[in-house]
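In: what follows is a predicted protein model with its sequence.
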Amino acid sequence: MDTSPEIITVETRRQRFSGLMREHHRDILTFAGAIVRNREGAQDIVQDAFVAAWRNFDQFDEDRDFGAWMRGITRNKCKDWFRKMKRVPLADTDFVELEIDMDAWQNFRTDSGSDVFEMVDGCLRKLPGKFREAVQEFYFEDRTGDEAASGLNISPANFRKRLERARSLLHECLSQKSELAPAAQPIESHV
């Protein structure tokens, strides 16, 4: 095995990048998804952004925030995606608002001492079935309200009400968890 300084440096660099990529992948995917509102597009954008980041990783200043650096790369990849898809991109002020939201998100994750995604997953699992299905159809399957309602064999108005109630229950559950309250009780439906 070659242990020359160049090989060790390349391997160390690769390991460092890999760790940072695993740590920030979900957040960057969430960021791209919030911008383009297209799951497949967001996945492609994030893949392209990480490839670009790897190619330029030797220029990354370790004193900077890797997540912020990746969001900048991702923002540019999103703009490229909008041009390629012949869609109107977000205004620069929208990007600034998303950056502020992402910073608040990062601070919340750091200050809460727990993984936000685990908190959301826990709250989703506590939702009654009909509300969990509504969330699944709309947010995870990317269906429109009418498509989701049809798939669940309910009226669009009923679907909207279920989704509204699911959001409310999730908000209550996440609020309890974020306040570091004692173990949250199962969510009860009042509908």
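Out: Looks like it arrived, so ask away.
In: now do the longest helix along the chain: distance to the chain's middle.
Out: The single longest helix within the chain, with elements called by DSSP state H, is helix 5-36. Taking CA atoms, centre = their mean, to the nearest Å, one finds the center of helix 5-36 at 15 Å from the center of the full chain.
In: what packs against it?
Out: Counting by 3 or more CB pairs under 8 Å, 6 or more residues apart in numbering; DSSP states H and E, the packing neighbours recorded for helix 5-36 are helix 39-55, helix 66-84, helix 92-112. Quick note: C-beta positions are derived from backbone N, CA and C, even for glycine.
In: switch to 6 Å and redo it
Out: With contacts taken as 3 or more CB pairs under 6 Å, 6 or more residues apart in numbering; DSSP states H and E, helix 5-36 sits against helix 39-55, helix 66-84.
In: possible to save those helices as CSV with mean pLDDT?
Out: Formatted as CSV, these follow (pLDDT from 0 to 100):
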stretch, mean pLDDT
helix 39-55, 92
helix 66-84, 89
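In: possible to save the ones you listed as TSV with mean neighbour count?
Out: Below are these laid out as TSV (neighbours: other CB atoms under 10 Å):
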stretch	mean neighbour count
helix 39-55	17
helix 66-84	18
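In: any idea which helix or strand comes after the helix or strand bottoming out on mean pLDDT in the chain?
Out: One helix or strand of the chain scores below all others by mean pLDDT, DSSP states H and E: helix 92-112, with a mean of 65. With elements assigned by DSSP states H and E, the helix or strand that comes after helix 92-112 is helix 116-126.
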